[in-house]
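>>> give me a model of this one.
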Amino acid sequence: MSRVVSVAALLAWSTMVGCAGSSARPVDRDQWEAKSQRLLQPLMNESMVGCAELLIEISPNYFANVAVPALDPKMQTMKKTSADGVDEYVWTNLVGGLQGAISLTVGQTDQLTDNGVVRGKGTTFQALRQVTLRVHTKGFMEARLDVIASGKPLVMSMGGKVRDLESYEVRNGALFAP
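Residues are numbered from 1 along each chain as shown. Just a heads-up that it's a prediction; the model follows:
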């Protein structure tokens, strides 16, 4: 009997000690979903952004919302590295200019319906030099979706109107494109 009690006490103690050092917090699914949708909202406007370089930083739940670009090995390369809780994907245009531009869309995922595939709304980016996608994979997973387009030329087309931009950023669910 004392052996059973001591094993049970040891298990209870080890569970308490293990949980005491944990940084995990309970997740409210409704709050998580609401924040996830809020962060995606500024990118669901069917616009197109042309830039020299593009940086996208996401939590893993947004991986399906970033359409991975197709590659022509004669014109582009892709390199993946993993370190310190971040998986980094880098696509590089080897030939320069529009011919080797890297094109990808960030937005809603496509839906398979009885009538076929329905494309999700999103923003399409064309980068002339490089695209970097950083997926934060370690630690407490706060919903994260940040997009920064930079370099010249930097233009945005929406509703048939094209305008030059000084900067283009989506951070914390808000679009900054003065």
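
>>> what about the strands in this structure?
48-58, 76-83, 86-93, 102-107, 111-113, 116-118, 122-136, 145-150, 155-158, 161-164, 168-171, 174-176 (DSSP state E).

>>> against Lys74, how distant is the residue minimising distance to the centre of the chain?
Nearest to the mean C-alpha position of the chain, by C-alpha atoms, centre = their mean, lies Ile58 at 3.3 Å. Separation of Ile58 from Lys74 (C-beta to C-beta, to the nearest Å): 29 Å. Yep, even glycine has a C-beta here, placed from its N, CA and C like the rest.

>>> could you do Ala149 as well?
Distance from Ala149 to Lys74, by C-beta to C-beta: 25 Å.

>>> go ahead and confirm Gly122 touches Thr109.
No: counting by C-beta atoms under 8 Å, Gly122 does not reach Thr109; the two are 9.1 Å apart.

>>> count of neighbours near Pro69?
Residue neighbour count, defined by other C-beta atoms under 10 Å, stands at 19 for Pro69.

>>> leaving out sequence neighbours, find the closest residue to it.
Closest residue to Pro69 apart from its sequence neighbours, by C-beta to C-beta, 6 or more residues apart in numbering: Leu104 at 4.5 Å.

>>> what count of nearby residues applies to that neighbour?
Residue neighbour count, defined by other C-beta under 10 Å, stands at 20 for Leu104.
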